[in-house]
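K.L.:
Quick one: sequence and predicted model below, then my questions.
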Amino acid sequence: MIIDFRTVFGTGENRVDVDYDLDLSDLDYYGFHPITKPAKVTGSVTESAGVLRLKVSVSLLYSAPCDRCATEVSRQMDFEFSHVLVNEISGDDNDELILLDDMKLDLDELLRTDVILSLPTKFLCRDDCKGICQTCGADLNKGACGCSTEKIDPRLEALKQLL
Ligand SMILES: [Zn+2]
Ligand SMILES: [Zn+2]
């Protein structure tokens, strides 16, 4: 969705409401496409004394394998993003300031970046996921597999000898 503020605010309006579905199914995150259903975007851009402020909520369903046990999990996530939109950047650049291209904003592109930066870098099916056994590959959430748990990390062992 591209918003052309010259058309919108040229008519004396000082608010644009945004309410649409954003397709992020091709968004690549660490080799996965975790957002298969369209994300819901709601919010507005308001103009006050020449300053444009964007405030939107993005609600999406994130589906990815658990980092420990590889079970596929879907989780509802809601994000809030706000930016100040400017025609030129004078002085300090910062993340909150978004430079408009000829008074136009490519909202999809902006939100795509915002969403990527907000997605979890660590994703677990549950906080205490036990993961899978390194030896036999059993899902340890479903019970112990019987392999020895006495395995000692060789790096730790080396450290112990140093101490
Ligand atoms: Zn898990
Ligand atoms: Zn095992």
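P.N.:
Good, I have the coordinates. Just so it is clear, the model here is predicted, and its values are computed rather than measured. Ligands and ions are numbered 1, 2, ... in the order given.
K.L.:
how far does the longest helix anywhere in the chain sit from the chain's center?
P.N.:
Looking across the chain with DSSP state H, the single longest helix is helix 107-118. When distances are taken as Cα atoms, centre = their mean, to the nearest Å, helix 107-118 is centred 8 Å away from the chain's centroid.
K.L.:
so D26 is in which element?
P.N.:
Remark: D26 resides in no helix or strand, with elements defined by DSSP states H and E.
K.L.:
could we number from 85 for the rest of this?
P.N.:
Sounds good: first residue 85 from here, last item D110.
K.L.:
Not counting sequence-adjacent ones, nearest residue to it?
P.N.:
H117 (6.7 Å; Cβ to Cβ, 6 or more residues apart in numbering). For glycine as for every other residue, the C-beta is placed from the backbone atoms N, C-alpha and C.
K.L.:
The one you found against Y146, yeah?
P.N.:
No. Using Cβ atoms under 8 Å as the test, H117 is too far from Y146 to be in contact (10.9 Å).
K.L.:
neighbour count winner among those two?
P.N.:
Y146 (21 against 13; other Cβ atoms under 10 Å).
K.L.:
which residue sits closest to P149, ignoring its sequence neighbours?
P.N.:
E156 (5.4 Å).
K.L.:
Give me the phi and psi for the residue nearest to D110.
P.N.:
The phi/psi pair for H117 (degrees, to the nearest 10) reads phi -120, psi 80.
K.L.:
check contacts around it.
P.N.:
Residues counted as contacts of H117 (Cβ atoms under 8 Å, 6 or more residues apart in numbering) are S109, D110, L111.
K.L.:
ranking those by neighbours, who comes first?
P.N.:
Within the contacts of H117, neighbour counts (other Cβ under 10 Å) peak at L111, which reaches 18 neighbours.
K.L.:
you'd agree that residue is up against L195?
P.N.:
No. In this structure L111 lies outside contact range of L195 using Cβ under 8 Å: 10.4 Å.
K.L.:
coming back round to it: which other helices and strands contact the longest helix of the chain?
P.N.:
strand 86-88, strand 99-106, strand 123-132, strand 135-149, strand 156-170 (3 or more Cβ pairs under 8 Å, 6 or more residues apart in numbering; DSSP states H and E).
K.L.:
Quick one: mean pLDDT over it.
P.N.:
In this model, helix 191-202 carries a mean pLDDT of 96.
K.L.:
do stretch 215-227 as well
P.N.:
Mean predicted confidence for stretch 215-227 is 93.
K.L.:
One more: stretch 146-166?
P.N.:
Summarised as a single mean, pLDDT over stretch 146-166 is 96.
K.L.:
Could you see whether ligand 2 lies near it?
P.N.:
No. Interface with ligand 2: stretch 146-166 contributes nothing (Cβ under 5 Å from the ion), its closest point being 12.8 Å away.
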